[in-house]
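K.L.:
quick one, what's the 3D model for this:
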Amino acid sequence: MTPGATAPVRLADIVSGLGGELHGDDQRVITRIASLESADETSLSFLAQARFKPLLQATRAGCVLVRADMLPLVPEGASAIVTPDPYLYYARLTRWWLARKRQSDTVGVHGSAVIGQGVVIHPTATVGAFAVIGDRAVIGEHAVIGSHTEVGADAVVGSATRIASRVAFGHDCRIGARGTIHSGAVIGADGFGFAPFEGRWEKIEQLGTVVIGDDVDVGANTCIDRGALDDTVLSDGVKLDNLIQIAHNVRIGAHTAMAGCVGVAGSARIGAGCTFGGAAMILGHLEIGDGVHISAASVVMSSILKPGQYSGVFPIDDNGSWEKNAATLRQLHTLRTRLRALEKKITP
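P.N.:
Predicted structure coming up:
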């Protein structure tokens with residue numbers, strides 16, 4: 001089967017479910033969602049940015065999502081759904097599409113699952129094969145616990161939250177409604193806390209937990225450590241990519257998003273509506289205000305309170321040029337001192 005293909009659907013069904021202004025045959029059958037380049041006559045695609053207009057004009061897609069001003073560029077014979085924000089429409093279409101394609105979860109507890117004492121599992125929830133649910137844990141309405149996943153004692157999983165297979169969701173941790181945690185994630189491992197004593201390290205027990213709000217996505221193999229004393233907190237709508245490290249006592253504001261391999265050191269406070277490019281690093285005990293956007297691979301070494309885009313990456317170059325520029329940069333303070341001395345000599 002072609003990737004992304006599902007049972008055929010009419011354009012009329014899509015517009016009925018998601019809205020938009022249809023131009024063309026409402027009985028046209030769509031079998032998959034595709035990029036403009038790979039689309040064929042039974043595919044639906046979208047134009048998110050004007051700079052891709054040449055791809056729109058050359059596409060073979062049977063239907064495209066476009067803004068009204070792009071409608072004249074739709075190839076002859078293709079249908080179009082006009083919407084103010086094609087990318088947002090595409091996002092909602094993927095969820096609508098997957099809901100039709102995905103097999104319904106088998107409601108109930110698999111016979112191989114291990115269920116502790118005093119556990120509350122809603123009758124509409126799903127607990128997969130070989131899952132382990134600790135004592136007094138609560139699994140909410142329509143929640144899904146994947147196979148081989150462990151939910152610790154006294155943990156709470158909110159309604160319609162999906163935890164994939166092989167996730168460790170630690171004791172006392174909580175996640176709200178409609179969340180997603182992908183495979184390999186570890187929620188509520190001990191934070192990195194040790195006290196130095198006579199040349200060795202004494203462990204500091206981590207007594208807090210992890211509190212996750214509603215509509216939060218946690219990527220594969222991402223780790224969120226429990227707090228040392230206070231909790232580690234992710235507010236509503238936070239989106240974390242794969243392979244991210246969130247250290248103990250970190251607080252992340254609503255609808256902040258982080259790309260893969262970001263690292264946030266302990267007790268950092270991050271505001272709402274922020275974005276962090278891949279491999280960005282935030283040092284501990286810093287404060288990042290609302291609406292701050294950090295470029296990929298940047299290292300944040302001091303607090304940032306003013307909204308805006310910040311970059312801290314030495315630009316890539318051929319190695320010879322990079323070494324010369326780096327060597328010059330190392331001498332910058334000396335050059336500054338010499339320049340000031342010269343200014344004093346020539347200034348009356």
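
K.L.:
quick one: Glu41 from Val144, how far?
P.N.:
36 Å (CB to CB, to the nearest Å). No exception for glycine: its C-beta is placed from N, CA and C like everyone else's.

K.L.:
which of those two has more residues huddled nearby?
P.N.:
The neighbour count for Glu41 versus Val144, taken as other CB atoms under 10 Å, is higher for Val144 (20 against 14).

K.L.:
distance check, Ala185 against Asp214.
P.N.:
The value you get for Ala185 to Asp214, if CB to CB is used, is 17 Å.

K.L.:
contact partners of the lowest-mean-pLDDT helix or strand in the chain?
P.N.:
The helix or strand of the chain with the lowest confidence, counting by mean pLDDT, DSSP states H and E, is helix 319-330 at a mean of 88. Contact partners of helix 319-330, identified using CB atoms under 8 Å, 6 or more residues apart in numbering, comprise Phe314, Ile316, Asp317.

K.L.:
the first one looks like it's in a helix, true?
P.N.:
To tie it back to what came earlier, the one meant is Phe314. No. Secondary structure of Phe314 (DSSP: H, G, I helix; E, B strand; the rest coil): coil, not part of a helix.

K.L.:
how far out from the middle of the chain is the least confident helix or strand of the chain?
P.N.:
Chain-centre distance of helix 319-330: 35 Å, with CA atoms, centre = their mean, to the nearest Å.

K.L.:
what does stretch 241-250 give?
P.N.:
12 Å.

K.L.:
which residues touch that stretch?
P.N.:
Under CB under 8 Å, 6+ apart, the answer for stretch 241-250 is 182, 190-193, 206, 208, 219-234, 240, 252, 258-270, 278, 284.

K.L.:
one more time with 6 Å
P.N.:
The contact list for stretch 241-250, computed with CB atoms under 6 Å, 6 or more residues apart in numbering, reads 191, 219-225, 227-228, 230, 232, 258-268.

K.L.:
ok so, going back, how far is the helix or strand just after the least confident helix or strand of the chain from where the chain is centred?
P.N.:
Note on helix 319-330: by DSSP states H and E, the next helix or strand toward the C-terminus is helix 332-346. Distance, stretch centre to chain centre, for helix 332-346: 47 Å (CA atoms, centre = their mean).

K.L.:
tell me, what's the model's pLDDT at the closest residue to Val299 other than its chain neighbours?
P.N.:
Ranked by CB to CB, 6 or more residues apart in numbering and with sequence neighbours excluded, the top spatial neighbour of Val299 is Met281, at 4.7 Å. Note on Met281: pLDDT of 97.

K.L.:
how close does Met281 get to Ile294?
P.N.:
In terms of CB to CB, Met281 sits 9 Å off from Ile294.

K.L.:
before we move on, the earlier item: and Ala185 and Asp214? which has more neighbours close in?
P.N.:
Counted by other CB under 10 Å, Ala185 and Asp214 do not tie: Ala185 has more neighbours, with 25 against 18.

K.L.:
thinking again about what came up before, which one of Met281 and Ile294 is surrounded by more residues?
P.N.:
Taking other CB under 10 Å, Met281 and Ile294 do not tie; Ile294 has more neighbours (25 against 18).

K.L.:
assign the nearest residue to Leu18 once chain neighbours are set aside to helix, strand or coil.
P.N.:
Excluding the flanking residues, the one nearest Leu18 by CB to CB, 6+ apart is Arg92, at 5.7 Å. Judged by three-state DSSP, the three-state class of Arg92 is helix.

K.L.:
would you map out the domains in the chain?
P.N.:
The chain is divided into the following domains under automatic domain parsing: 9-101, 109-310, 321-348.

K.L.:
hey, which of these is tucked in deepest?
P.N.:
Mean neighbour count (mean count of other CB atoms under 10 Å) peaks for domain 109-310 among the domains of the chain, with a mean of 19.

K.L.:
ok now that domain, how far from the chain's centre?
P.N.:
Put simply, domain 109-310 sits 12 Å off its chain's centre (CA atoms, centre = their mean).
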